[in-house]
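Colleague: Give me coordinates for this.
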Amino acid sequence: MGDTTTEFRVTGMTCGHCEMSVREEVEQIDGVEVVDVSAQSGMLRITAPDVDDAQIFAAVSEAGYSAVRV
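Modeller: As a prediction, the model looks like this:
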């Protein structure tokens, strides 16, 4: 199965530190290969073979933000 890129809209990010917090949490999920976070656009883009949305939501929540799949 190939890698899939999935986008999420993250609410509450305002700066580079916010991006870093989200990136660190999401990178801990098994299988996640690429994490692209932008506080400016409020977008989180992940590349992974097979990751459950719930895992992404939990990781973003752990960082102190909320996410919805786009």
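
Colleague: What sits closest to the spatially most central residue of the chain if chain neighbours are left out?
Modeller: In the chain, the residue lying closest to the centroid (C-alpha atoms, centre = their mean) is Leu44, at 4.6 Å. Leaving aside its chain neighbours, Leu44 sits nearest to Phe8 (4.4 Å; criterion: C-beta to C-beta, 6 or more residues apart in numbering). Bear in mind the C-beta positions are built from the backbone N, C-alpha and C, glycine included.

Colleague: could you pull out the strands for this structure?
Modeller: Per DSSP state E, the chain carries strands over the ranges 4-11, 34-38, 43-48, 66-69.

Colleague: quick one on the thing from earlier: was I right about the residue nearest to the centre of the chain contacting Ser21?
Modeller: No - applying C-beta atoms under 8 Å, one finds Leu44 not in contact with Ser21, separated by 11.5 Å.

Colleague: Where does the prediction get shaky in the chain?
Modeller: The chain contains residues with pLDDT under 70 at 1.

Colleague: Give me the longest helix you can find in it.
Modeller: Ranked by residue count under DSSP state H, the longest helix found in the chain is helix 16-27.

Colleague: tilt between that helix and strand 34-38?
Modeller: Using axes from the mean of the first three to the mean of the last three C-alpha atoms, to 10 degrees, the inter-axis angle of helix 16-27 relative to strand 34-38 is 150 degrees.

Colleague: can you list the residues that contact helix 16-27?
Modeller: For helix 16-27, contacts defined as C-beta atoms under 8 Å, 6 or more residues apart in numbering pick out 10, 12-13, 32, 35, 37-39, 44, 46, 56, 59-60, 62-65.
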